[in-house]
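Visitor: this is a predicted model, with the sequence first.
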Amino acid sequence: MKSFLVKPAIIIASCFLAFGANSTLGKSADEATPLLIGASVPEAKLAGQEGNDVQLTEILGGRSSVVILYRGSWCPYLNTQLKKLASIEDDLKKLGYQIVAISPDKPESLNVTDAKHDLGYQLYSDSRYQAMEAFGIDFDSRRGKLPVPSVFLVTPDLEISF
């Protein structure tokens, strides 16, 4: 009787272990919980295109901002978005906004992206994943940790307005 129950018990235990192992892969993009309107911009240390460390709140403080969190230089869709944003940057500046684009790319990759697309605004590296985690948009993919592509409008008082 015991040997009759051992096999089903092993199968059932294996199924539970498989489900548990799958959950350790990390959250999916569908599970992202972005900051909502009215939330304060979180602290996050980024690297500028020159490799210098800078706090996100210092970059944004005192200015209305369009904050773009994008996957990286390898994504053709988001590179198109960066180029389109560059084409309306003057209009956004007239409205009082600066554009700040953040990706997990290394600082040296940011310069390549900037030169390739002739962007007029600053790109920042979040290779430590602090901003994407703090904004609640990080997820695990086959390429590693990435942000769900997101756009936030931020007030001069560092509050998310959209």
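Guide: Thanks, I have the structure now.

Visitor: in a helix, S73, correct?
Guide: No - S73: not assigned to a helix; according to DSSP: H, G, I helix; E, B strand; the rest coil it is coil.

Visitor: OK, contacts around the residue nearest to it when sequence neighbours are not counted?
Guide: Of all residues not flanking S73 in the chain, T113 sits nearest, at 4.5 Å (C-beta to C-beta, 6 or more residues apart in numbering). Heads up, the C-betas are built off the backbone N, CA and C, glycines and all. The contact partners of T113, taken as C-beta atoms under 8 Å, 6 or more residues apart in numbering, are 73, 79, 82, 105, 119, 123.

Visitor: again, only this time at 10 Å
Guide: 49, 70, 72-74, 78-79, 82, 101, 103, 105, 119, 123 (C-beta atoms under 10 Å, 6 or more residues apart in numbering).

Visitor: now the helices for the protein?
Guide: 2-23, 56-60, 76-87, 89-94, 107-117, 130-134 (DSSP state H).
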